[in-house]
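Student: Build me a model from this:
(chains A and B)
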Amino acid sequence: MELNNKLTVSASPHVKSAETTTGIMLDVIIALIPAGVASIFVFGLKALAVIAVSVAACVLAEFLSRKAMKREQTIGDLSAVVTGLLLAYNLPATMPLWEVALGAVIAIVVVKQMFGGIGQNFVNPALLARIVLMSAFPARMSAGAMAGTNITGWDVEAATGATPMGMISLADGLKDGAPSLMDMFIGTTSGCLGEVSALALMLGGLYLIIRKVISPIIPVAYIGTVAIITLIAFGDVNAMLYEVLGGGLMIGAIFMATDYTTSPITNKGKWIYAICAGLLTCLIRLFGSLPEGVSFSIIIMNILVPHIENATKPTIFGTVKEKKNKEADA
Amino acid sequence: MADKIEGVLKPVMKGHGGIHVSHNKNTSKCEIVRIPTPAKVVLPMQQHIGAPCTPTVAVGDEVKVGQVIGDSEAFVSAPIHATVSGKVTAIGPVKVANGSMVQAVTIESDGEMALYEGLKAPEINSKDDFLKAVRASGLVGLGGAGFPTHVKLAFKEDSGVDTLIINAAECEPFITVDHRECIDNSWDVLSGVYTIKDILGFKNVYIAIEDNKSDAFTELMKVAADEADWDDSVKLVMLPSQYPQGAEKVLIQSVTGRQVPPGKLPSDVGVVVMNVQSISFLGRYLKTGKPLVSRSLTVDGSAIAEPKNIRVPIGTLISDIIDFCGGFKGTPYKVISGGPMMGMSIYDINVPLLKNNNAVLAFSADTVKVKQTRACIRCGRCVEACPMSLMPTKIETRAHLKDAEGCAAAGAMTCMECGSCAYACPSGRPLVQYMRLAKAVIREESAK
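Tutor: Numbers count the residues shown, from 1 in each chain, chains lettered A, B, ... in the order given. Next up is the predicted model:
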């Protein structure tokens, strides 16, 4: 037969699952859409502009840095789009667009590509960019745009208010003028784009869990830890719910802490990582000088991931045989 | 899929990992048919793990079916028999499926398939007689490993081996010959099982089958009920249809709850596992004395015109086998010897079928296209999928660095190359290749 040298030879297995990196990223993008829509609804077109600039700048930064490094092009995997969305969701609508673009460059070039690109960054790119911007422009970052103002206009600068997380403290409990729990759930409060609607974020999270893109361990353990500790600290269910629904906890626990690259790949590790992130968040929120602690908590836990993974390696098949075999015989 | 059948046991334990891969058991209703006698067979002198055989015939010799044409003095080896009658036309190196050159005897068939006169049912009065007979039969593990069966069965009396598991799980997609063996040759299977149970004195005997083959259970139970001598000491076990359920270590865990430690054999936890075709062959051989000269296999895949289950003389060229199944449909992209998960893709179909080869699959490009390889995103799907609880992505990193110590510590040697990790990987990383590299790195280091 004349087939020789025309057959393809490769290592087994010869069938592969239909899942691809691009498909996973696309699922994350889909899951982020409800929160984006909510933010545009709350903050108006300015929110859309922040999202568009952030995504475009991330993709462009990825394209140019791969080009400059003479590496294979990776914008097709859509991970830069995800980073762009997450960065935008971590910024207030009042952010000048050039600062948004600067954040994108920090996220993609400094945090992601300089460490080797997708899968190699040791902290979450969008979160670190947010922290850099927060340090560079503290006033702007700590004041979120007030809801319901200038929905159609571009000038939201004038109407900014404190993040809801400034309206609660361990000493005073919930202060007067704090938004209602229902508002925080549906999404009519101030804050960063992706912080306004807990409902939209939870819908996205549910989608990711159903599609098996993320395991429920991290969001459940992270949010659960914060809920338990704040309930104990305040002794008040309303205050607890306020802490859970408010600030960056939802987007952090569902979308940022579950980032594959910067979270443990073992299930046991995921539990430890998420519970510790919850503890840190509570420490910062309850005792720190900052009103919000999700970003720092996740970044700190990101750095500890290699150690958590080392400590939670699965037990290799057959290495606990003595005990198991005895049990089986008994 | 059957949920429960009266009298059939459930697995005692569910292990970690595994994947759900499309079964594609397209040929499960295809009875095993015999291929017409091929014009020639090529019989490599190494079709097993262990020492190669030396030809015991010369060019020009007339041989008959079942006549020994190659043997070895070594214990870990198995004789090779003529699989057609005819004339030896060549002895020398030939290319085999894995690309290596192996000494082989080529026999041109006279079309008679005349049986060798010396064949008679072996006389068995002791365990020793039995093991000698098994060796003489040329039997090696027909499930894929090709380990000489008499070596596997030669465990010491005091070794604590008490359990025999017949592996009919058949978790590889597409392959259905083990399934068919349970149905088409159910009497041979049970006869083999009961005989070997009595001779070797196993306390527990299980026949383990995945739950997507419910007719295999009913057929075996029906046949067993008809035979007065066969008590109910042989248990059927229904396993979930999940890959790699039929992998030896996974199977032993599911059926007995015991775990074979890394680097150890099933006999170290008191278990012997035999493929259903091996036991069925033994059942026939002990009655007739006809050695291993043919085997059944599945021929399927998107590029095969007429998928079939066929019985073929060992040494038949794969090209002849494909021709018998209607030839190729469209342009084949990949031809695989074995299953799609663990089989080997071959680049030349003019190679002989070996004793341990349970399938020939051919696929067109659209069905087995190689996934684009991207960077690892640390999603953890490989860790989730590994039935040995390894972290394939970590081993890959260690293998890259040629870090023998790291590879060993990460358990690379425990990997059985089932391919679950590479199947699950969304980035299309060739993880099985890296596992092999890791093992090579370890071996290289320990050879220093």
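Student: Find the residue ranges of the chain scoring beneath the pLDDT cut-off.
Tutor: In the absence of a named chain, this looks at chain A. A:1-5, A:139-163, A:188-189, A:321-330 (pLDDT under 70).
Student: The intended chain is chain B.
Tutor: Residue ranges of chain B with pLDDT under 70: B:1-4.
Student: quick one, helices of it?
Tutor: For chain B, the helices defined by DSSP state H cover B:127-136, B:149-153, B:177-184, B:186-200, B:214-226, B:248-256, B:276-288, B:318-324, B:365-368, B:381-385, B:392-400, B:404-409, B:420-424, B:431-447.
Student: contacting residues for B:Thr56?
Tutor: Applying C-beta atoms under 8 Å, 6 or more residues apart in numbering or on different chains, we find B:Thr56 in contact with B:68-71. Quick note: C-beta positions are derived from backbone N, CA and C, even for glycine.
Student: tell me which element the residue of the stretch 101-250 of chain A found nearest chain B falls in.
Tutor: Proximity of the stretch 101-250 of chain A to chain B (C-beta to the nearest C-beta) peaks at A:Gly119, 4.6 Å away. A:Gly119 is part of no helix or strand, with elements assigned from DSSP states H and E.
Student: Go ahead and list the helix or strand containing the residue nearest to A:Lys46 when sequence neighbours are not counted.
Tutor: Nearest residue to A:Lys46 in three dimensions, chain neighbours excluded: A:Ala93, at 4.7 Å (C-beta to C-beta, 6 or more residues apart in numbering or on different chains). Under DSSP H and E, no helix or strand contains A:Ala93.
Student: Widest-spaced pair of the contacts of B:Thr56?
Tutor: The largest separation in the contacts of B:Thr56, counting by C-beta to C-beta, is between B:Ile69 and B:Asp71 at 8.4 Å.
Student: and chain B, what are its domains?
Tutor: Domain assignment for chain B, taken from automatic domain parsing, gives B:127-288, B:381-447.
Student: Those: which one's closest to A:Ile232?
Tutor: Across the domains of chain B, A:Ile232 has its closest neighbour in domain B:381-447 (33.9 Å, C-beta to C-beta).
Student: just to revisit the earlier point, out of the helices of chain B, which is the most enclosed?
Tutor: Across the helices of chain B, averaging neighbours per residue (mean count of other C-beta atoms under 10 Å in any protein chain shown) puts helix B:420-424 on top, at a mean of 28.
Student: what's that helix in contact with?
Tutor: Residues outside helix B:420-424 that contact it (C-beta under 8 Å, 6+ apart): A:11-13, A:15-17, A:19, B:17-19, B:21, B:243-244, B:341, B:381-382, B:384-387, B:392, B:429-432, B:435.
Student: which residue is nearest the middle of chain A?
Tutor: Geometric centre of chain A, nearest residue: A:Met256, 1.6 Å, by C-alpha atoms, centre = their mean.
Student: what's near enough to touch A:Asp236?
Tutor: A:Asp236 makes contacts with A:173-174, as judged by C-beta under 8 Å, 6+ apart.
Student: how about a cut-off of 7 Å?
Tutor: Under the criterion of C-beta atoms under 7 Å, 6 or more residues apart in numbering or on different chains, the neighbours of A:Asp236 are A:Gly173.
Student: now A:Leu64
Tutor: Contacts of A:Leu64 were listed using C-beta under 7 Å, 6+ apart, and none were found.
Student: tell me which element it falls in.
Tutor: According to DSSP H and E, A:Leu64 maps onto helix A:45-68.
Student: Just after that helix, pick out the following helix or strand.
Tutor: Downstream of helix A:45-68, the next assigned helix or strand under DSSP H and E is helix A:79-89.
Student: does any bit of that following helix sit next to chain B?
Tutor: No. For helix A:79-89, no contact with chain B is found by C-beta under 7 Å from any C-beta of the partner chain; the gap never falls below 7.7 Å.
Student: in terms of contact, does B:Asp211 touch B:Pro240 like I think?
Tutor: Yes. Contact criterion C-beta atoms under 7 Å: B:Asp211 and B:Pro240 qualify, at 6.1 Å.
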